[in-house]
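Student: could you look at this predicted model? Sequence included:
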Amino acid sequence: MADPTQLTLYYHPLASFCHKVLVALYENEVGFTPHLVDLGDPDANAAFKRIWPIGKFPVLRDEARDRTVPESSIIIEYLAQHYPGPVALVPADPEQAREARLKDRFFDLYVQEPMQKIVGDKLRPDGQHDPFGVAQAQALLKVAYGMLEQTLAGRRWAMGEAFGIADCAAAPALYYADLVLPLGAEHPQVNAYRSRLIDRPSFGRVLQEAEPYFHLFPG
């Protein structure tokens, strides 16, 4: 187990990509220090950009190895390599690992990103909305829902019986996506999978910690 003083996670408790990393950390009980970043605070924003100039979270800082690790998937891979636990989030078998990474990217690119497009549009000032872009995002989400309905049939988790990196990505992606474009009765497999993810103790903890901030979520 990592010493909580050597790992710092720069994050926001409402951000879906941060949720993804938090699930991975909680699955293997990796000790870390959470550092909430308020991008609306000029000083906090500037301090964070000195660590990662791109200014997007999550970012993991490992003082023991003097490494700054951005991007949710890369952070999970880094944790699997340097801070492994009983839950092997990335399969050891190369073919299985490639498939797990593909599913991870699927949830990030075709569920999380269109969901964020829809949410982001709600935050735009009047007169600056993008209805065409929102329609494109909704259409992509519907395609993703349909594909997941087929691939999840007969599976407990994204890769089968073992919880892994793809499920870390799926938990926040589907949780928020259902809020902006409800899955509906026509996607029973995806609905059941989303429920299992919410019931997973690691993601349940993430949601509990995010609860004080949910009033900030548009819609």
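Tutor: Good, I have the coordinates. Residues are numbered from 1 along each chain as shown.

Student: low pLDDT regions in the chain?
Tutor: 1-3, 219 (pLDDT under 70).

Student: can you show me the strands along it?
Tutor: Using DSSP state E, the strands of the chain run over 7-11, 33-36, 59-62, 67-70.

Student: elements contacting the longest helix anywhere in the chain?
Tutor: In the chain, with assignment by DSSP state H, the single longest helix is helix 131-151. With contacts defined as 3 or more CB pairs under 8 Å, 6 or more residues apart in numbering; DSSP states H and E, helix 131-151 has these neighbours: helix 113-122, helix 188-199. Bear in mind the C-beta positions are built from the backbone N, C-alpha and C, glycine included.

Student: got those as JSON lines, with mean neighbour count and distance to L79 columns?
Tutor: Below are these laid out as JSON lines (neighbours: other CB atoms under 10 Å; distance: least, CB to CB, whole Å):
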{"stretch": "helix 113-122", "mean neighbour count": "19", "distance to L79": "23"}
{"stretch": "helix 188-199", "mean neighbour count": "17", "distance to L79": "19"}
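
Student: tell me how far the longest helix of the chain is from the chain's mean position?
Tutor: For helix 131-151, the separation from the chain centroid amounts to 18 Å (computed by CA atoms, centre = their mean, to the nearest Å).

Student: next, the angle from it to helix 188-199.
Tutor: Per axes from the mean of the first three to the mean of the last three CA atoms, to 10 degrees, the angle that helix 131-151 makes with helix 188-199 is 90 degrees.

Student: please save the CA atoms from helix 131-151 in PDB.
Tutor: The C-alpha coordinates for helix 131-151 follow below in PDB (Å, rounded to 0.1, in the frame of the first residue of the first chain):
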ATOM      1  CA  PRO A 131     -27.700  22.500 -30.800                       C
ATOM      2  CA  PHE A 132     -26.100  20.800 -33.800                       C
ATOM      3  CA  GLY A 133     -23.200  19.600 -31.700                       C
ATOM      4  CA  VAL A 134     -25.600  18.400 -29.000                       C
ATOM      5  CA  ALA A 135     -27.600  16.500 -31.500                       C
ATOM      6  CA  GLN A 136     -24.400  14.900 -32.800                       C
ATOM      7  CA  ALA A 137     -23.400  13.900 -29.200                       C
ATOM      8  CA  GLN A 138     -26.900  12.500 -28.500                       C
ATOM      9  CA  ALA A 139     -26.700  10.400 -31.700                       C
ATOM     10  CA  LEU A 140     -23.300   9.100 -30.800                       C
ATOM     11  CA  LEU A 141     -24.500   8.100 -27.300                       C
ATOM     12  CA  LYS A 142     -27.500   6.300 -28.800                       C
ATOM     13  CA  VAL A 143     -25.100   4.300 -31.000                       C
ATOM     14  CA  ALA A 144     -22.900   3.500 -28.000                       C
ATOM     15  CA  TYR A 145     -25.900   2.400 -26.000                       C
ATOM     16  CA  GLY A 146     -26.900   0.000 -28.700                       C
ATOM     17  CA  MET A 147     -23.500  -1.500 -29.100                       C
ATOM     18  CA  LEU A 148     -23.200  -1.900 -25.300                       C
ATOM     19  CA  GLU A 149     -26.600  -3.600 -25.200                       C
ATOM     20  CA  GLN A 150     -25.100  -6.300 -27.400                       C
ATOM     21  CA  THR A 151     -21.600  -6.700 -25.900                       C
END
